[in-house]
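A.B. asks: no sequence on this one, just coordinates:
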């Protein structure tokens, strides 16, 4: 159904989908009702956060006998290891990459839109009928800036649209994720306000300036400007892995090449520390290259451990240890990093000062992006009435200080850090006219090269 051809009826439905690098949240809204978040079944429990991960499980030697899981079911299948598995996380980071054509899983090729369609099918199935009705408006979030050195927005939009079409969503509207968060935050405003929204995801940090005006029971909004950068939670994870884990797996070691002693190529450990690239190391070509490096290495035991982690899909266990450490450091000055992975046994204390030193460049880039947005739009920090922070990394003290320093702690607000984008997207879908909210002019039905 077209986003511009929805009848204005009391029972009309709007679905907001916040497909994130780490987590996905879906909300449903109807007129005159509070939006509700879709709960997904996880065995006997329900969760309103659906993990953005996939696990392919090979049930037999046939390349067609493969079962796909997503969310917590994917994590459980990976941890149980009843069969050979391929675990994929942070795959959203590839959506705008022209370099990513396909990945092979148990002998079968999967393009990005194939992976995303599988993910959406499993998400709908795990919603236990809550998403059976999908004939209303569907509003999908998207970052202001996609991950990658030269992200292709047209390609990303087409890939999103193609995956949606395969699950019966024919004409989704695309709205910037921070705009969704801003719209939800604006429902609590009692007067006109100029609001800066900062949405910190796993792959990107996105910012929007929006002017809100109260008109009776409704809130009118005028988007002023947007900015974003591919620095967010995954980058902070990278810094911990690079500093604590990678040195034990051969980073910085040497190997012998004929009559020369050379450093191990950095790109292996760079990819290893980035979630969306880690799974791509498990290819026959990369494995063969690392086996050759192990034979020539002056520290072969470390390269052997590196190979074991890659072969056995150890990324999730590392992610869990890193995530736990980040959470602890948001509340305390010191935290223990604990990781047990085969022969790897790490127990290291990390101080918040260490962590903030490792992420200092990332924090600087976030600061610069916020300042550039204000400068570009000619808005002084004193004119901002409120700052709404959302997303997991908004809890990190160094991130919060960026906004406390510029705007003062009294103007900062947060709440429903993981649901606010989806709530806002669903509420925007109830608007009579979506044009002011749409993120870009590209059609999701036009395959790249057809424009």
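C.D. replies: Received, thanks. Worth saying up front: this structure is predicted, and the values here are computed from it rather than measured. Residues are numbered from 1 along each chain as shown.

A.B. asks: ok, residue 156 - how many residues close by?
C.D. replies: 26 (other CB atoms under 10 Å). Placement of C-beta: from N, CA and C, glycine included.

A.B. asks: can you tell me the closest non-neighbouring residue to it?
C.D. replies: residue 96 (3.9 Å; CB to CB, 6 or more residues apart in numbering).

A.B. asks: burial count for residue 162?
C.D. replies: Residue 162: 18 surrounding residues under other CB under 10 Å.

A.B. asks: that one contacts residue 112, correct?
C.D. replies: No - counting by CB atoms under 8 Å, residue 162 sits too far from residue 112 to count as a contact (9.1 Å).

A.B. asks: thinking again about what came up before, could you tell me whether the residue nearest to residue 156 really is in a helix?
C.D. replies: No - assessed with DSSP: H, G, I helix; E, B strand; the rest coil, residue 96 is coil; it does not lie in a helix.

A.B. asks: what segments of the stretch 151-300 of the chain are strands?
C.D. replies: Under the criterion DSSP state E, counting those that start in this stretch, the stretch 151-300 of the chain contains strands at 173-176, 193-200, 205-215, 218-229, 254-257, 260-263.

A.B. asks: got those as a markdown table, with mean neighbour count columns?
C.D. replies: A markdown table is the format used below for the strands of the stretch 151-300 of the chain (neighbours: other CB atoms under 10 Å):
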| stretch | mean neighbour count |
| --- | --- |
| strand 173-176 | 24 |
| strand 193-200 | 24 |
| strand 205-215 | 21 |
| strand 218-229 | 17 |
| strand 254-257 | 14 |
| strand 260-263 | 10 |
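
A.B. asks: distance of residue 288 from residue 295?
C.D. replies: Look at residue 288 and residue 295: by CB to CB, to the nearest Å, they are 11 Å apart.

A.B. asks: next: residue 339.
C.D. replies: Counting by CB to CB - residue 339 and residue 295 are separated by 27 Å.

A.B. asks: which one's more surrounded, the two?
C.D. replies: Between residue 339 and residue 295, counted using other CB under 10 Å, residue 339 has the larger neighbour count: 21 against 11.

A.B. asks: does the nearest residue in space to residue 70 that is not next to it in sequence lie in a helix or a strand, and which?
C.D. replies: In space, residue 70 comes closest to residue 122 once its chain neighbours are excluded; the distance is 3.6 Å by CB to CB, 6+ apart. Residue 122 is part of helix 112-126, with elements assigned from DSSP states H and E.

A.B. asks: quick check: mean pLDDT of that helix?
C.D. replies: The average of the pLDDT scores along helix 112-126 is 95.

A.B. asks: ok, now stretch 339-349?
C.D. replies: Per-residue scores along stretch 339-349 average to 89.

A.B. asks: give me the residues contacting the helix or strand of the chain with the lowest mean pLDDT.
C.D. replies: In the chain, no helix or strand scores lower on mean pLDDT, DSSP states H and E than helix 275-278, which sits at a mean of 78. Helix 275-278 is contacted by residues 21, 89-94, 147, 202-203, 234, 237, 270-272, 310, 315, 319 when judged by CB atoms under 8 Å, 6 or more residues apart in numbering.

A.B. asks: if we use 7 Å, what do you get?
C.D. replies: Helix 275-278 is contacted by residues 89-91, 93-94, 234, 237, 271-272, 315, 319 when judged by CB atoms under 7 Å, 6 or more residues apart in numbering.

A.B. asks: can you tell me which of those are in helices?
C.D. replies: If you go by DSSP state H, these have 234, 237, 271-272, 315, 319 in helices.

A.B. asks: next helix or strand past the helix holding residue 122?
C.D. replies: Once the chain leaves helix 112-126, the next helix or strand it forms, by DSSP H and E, is strand 137-142.

A.B. asks: partners of that next one, with directions?
C.D. replies: Paired strands of strand 137-142, with direction, are strand 14-19 (parallel), strand 173-176 (parallel) (DSSP bridges).

A.B. asks: which pLDDT value belongs to residue 180?
C.D. replies: On the pLDDT scale, residue 180 gets 91.

A.B. asks: who are the neighbours in contact with the residue lying closest to it once chain neighbours are set aside?
C.D. replies: Distances taken as CB to CB, 6+ apart place residue 424 nearest to residue 180, at 3.5 Å, with adjacent residues excluded. Residue 424 is in contact with 16, 180-184, counting by CB under 7 Å, 6+ apart.

A.B. asks: state the mean pLDDT of the strand or helix carrying residue 424.
C.D. replies: Per DSSP H and E: residue 424 is located in helix 420-428. The average pLDDT within helix 420-428 is 94.

A.B. asks: can you check stretch 13-23 too?
C.D. replies: 94.

A.B. asks: do the same with stretch 250-268
C.D. replies: 93.

A.B. asks: could you tell me the end-to-end distance of that stretch?
C.D. replies: Terminal residues of stretch 250-268 lie 10 Å apart, using CA to CA, to the nearest Å.

A.B. asks: for it, the distance to its chain's centre please.
C.D. replies: For stretch 250-268, the separation from the chain centroid amounts to 33 Å (computed by CA atoms, centre = their mean, to the nearest Å).

A.B. asks: quick one: contacts of that stretch?
C.D. replies: Looking at what lies outside stretch 250-268 - CB under 7 Å, 6+ apart - the contacts are 269, 290, 293, 296-299, 302-303, 306.

A.B. asks: check stretch 301-314 too.
C.D. replies: With CB under 7 Å, 6+ apart as the criterion, stretch 301-314 contacts 78, 85, 87, 248-250, 253, 281-282, 290-291, 293-294, 297, 341-344.
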